[in-house]
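Undergrad: Model the structure of this input:
(2 chains)
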Amino acid sequence: MNRNVLFYLRGVRDGLPIGLGYLAVSFAFGIQANQLLGSIFQSFSISATNLTSAGQFAGLDVFRNFATGTVTLGAALLAMAMTQVVINLRYCLMSCALSQKLSPNVTFWQRTIIAFGVTDEIFAVSMAYKGAVQAPYSFGLMTLSIIGWSTGTTLGAWAGQILPATCVTALAMALYAMFIAIVLPATIEDRKVLGVVILSAIISTLMAYVDCLNVMSSSWRVIFLTVVIAAGAAVLFPMPPQSSKEKMK
Amino acid sequence: MSNLQFSLLLLVMAGTTYLIRALPILLIRKEITNAYIRAFLYYVPYVTLTVMTFPAALEIAAEGTTVSDFLPGMAGVLTAAVTAFVTRSLMLAALFSSLAVWLLLLCIGG
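TA: The predicted structure is shown next:
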């Protein structure tokens, strides 16, 4: 069999667990997106063009603020761009690291496709791969991930329309549970992350409930606190290359 | 929200997300070595996910601001944390915390 086909099939195989995980998580996104947009196709189109969990949920918040008339279209567009830049900033680091891992014969155009598939999970699997990563392997990893993410969203959007309200509310918790399950192991391994997380939760809650601090919409609060707290932590605890451990899930 | 407005927002959303991923992989071929930038990028996801979770997760079933409004959210967060601690599984944490919220909603007749 052709070498490229083998690389592709290996990627598909390694991408199967990612795709299954995405199917479950994007189900929760589909429910929430459809609740706001009232359109299965629009919910699907967000997932098919973005392929990112935290960014999409935060983006949904911007859609909501605009739909409820809290902000104008111009402000919403700005908030959308800012939100995605800040929340997806980690992809920047992963993308840098991944560029070292790709085989030198991966072309520019192949890189433009591989870039779309830079997610926490695909990055982790790519970096764990033995040797240089060939383009077909990356395409293989992306295949089931994209299918799982888009299909789960569509199913969730559809299920949200027929499930009783109690179930929809309960399933919306799935997303936050996933966030908690991503953050919690890191807080146990790294005391600094624990401090940062506790501080973030307290300040975010105060800003939402204390009148004189409630000066911005929830999507701006995410951007503002991420930049301020992460920058503060970086100044206090810089991370030279040899001692760093970027173990994101 | 009209279809055009939705499409505009979606375009900006997808475009920004793509550029963040594409620019480094296309332009930068060296690894980032600056200790402050590395640390900043390391902390970003944890702060973001936490701020997105709190207080939104606690308000998941809240219609008012009495203590009972926040009970389902609190139960979900607590269940997610315990499940994640014990099993380290995203799927199980999602499943059990959803169940916890659902049971509480049934109990308080929400």
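Undergrad: Which helix or strand contains residue A:235?
TA: Assessed by DSSP states H and E, residue A:235 sits inside helix A:218-236.
Undergrad: what packs against that helix?
TA: Counting contacts by 3 or more CB pairs under 8 Å, 6 or more residues apart in numbering or on different chains; DSSP states H and E, helix A:218-236 is packed against helix A:53-67, helix A:73-87, helix A:191-209, helix B:35-53. (C-beta placed from N, C-alpha, C; glycine too.)
Undergrad: between those, which one is nearest to residue B:94?
TA: Closest to residue B:94 of these is helix A:53-67 (CB to CB; 11.8 Å).
Undergrad: Excluding chain neighbours, what is closest to residue A:154?
TA: Distance criterion CB to CB, 6 or more residues apart in numbering or on different chains; nearest residue to residue A:154, sequence neighbours excluded, is residue A:44 at 4.8 Å.
Undergrad: Give the burial count for that neighbour, as a bare number.
TA: When neighbours are defined as other CB atoms under 10 Å in any protein chain shown, residue A:44 has 24 of them.
Undergrad: Now do the contacts for it.
TA: Shown in contact with residue A:44 (CB atoms under 8 Å, 6 or more residues apart in numbering or on different chains): A:30, A:150, A:153, A:154, A:157.
Undergrad: ok but residue B:1 is inside a helix, no?
TA: No - in this structure, residue B:1 is coil, not part of a helix, as judged by DSSP: H, G, I helix; E, B strand; the rest coil.
Undergrad: Can you check the pLDDT for residue B:28?
TA: Confidence at residue B:28, expressed as pLDDT, is 69.
Undergrad: Apologies, that question was intended for residue A:102.
TA: 90.
Undergrad: Not counting sequence-adjacent ones, nearest residue to it?
TA: Using CB to CB, 6+ apart and skipping the chain neighbours, the partner closest in space to residue A:102 is residue A:133 (5.3 Å).
Undergrad: Could I get the average pLDDT for the helix holding residue A:235?
TA: pLDDT averaged over helix A:218-236 gives 89.
Undergrad: what's the answer for stretch A:239-249, then?
TA: Stretch A:239-249 comes out at a mean pLDDT of 57.
Undergrad: Equivalent analysis for stretch A:145-162, please.
TA: Stretch A:145-162 shows a mean pLDDT of 94.
Undergrad: now that stretch: how far from the chain's centre is it?
TA: How far stretch A:145-162 lies from its chain's middle: 16 Å, per CA atoms, centre = their mean, to the nearest Å.
Undergrad: if you skip the residues just before and after it, what's nearest to residue A:138?
TA: Using CB to CB, 6+ apart and skipping the chain neighbours, the partner closest in space to residue A:138 is residue A:114 (4.6 Å).
Undergrad: Show me which positions of the host helix or strand of residue B:78 end up buried.
TA: Assigned by DSSP H and E, residue B:78 belongs to helix B:67-87. Using 16 or more other CB atoms under 10 Å in any protein chain shown as the test for burial, helix B:67-87 gives B:69-77, B:79-84.
Undergrad: Next, the angle helix B:35-53 makes with that helix.
TA: Between the axes of helix B:67-87 and helix B:35-53, defined by axes from the mean of the first three to the mean of the last three CA atoms, to 10 degrees, the angle is 130 degrees.
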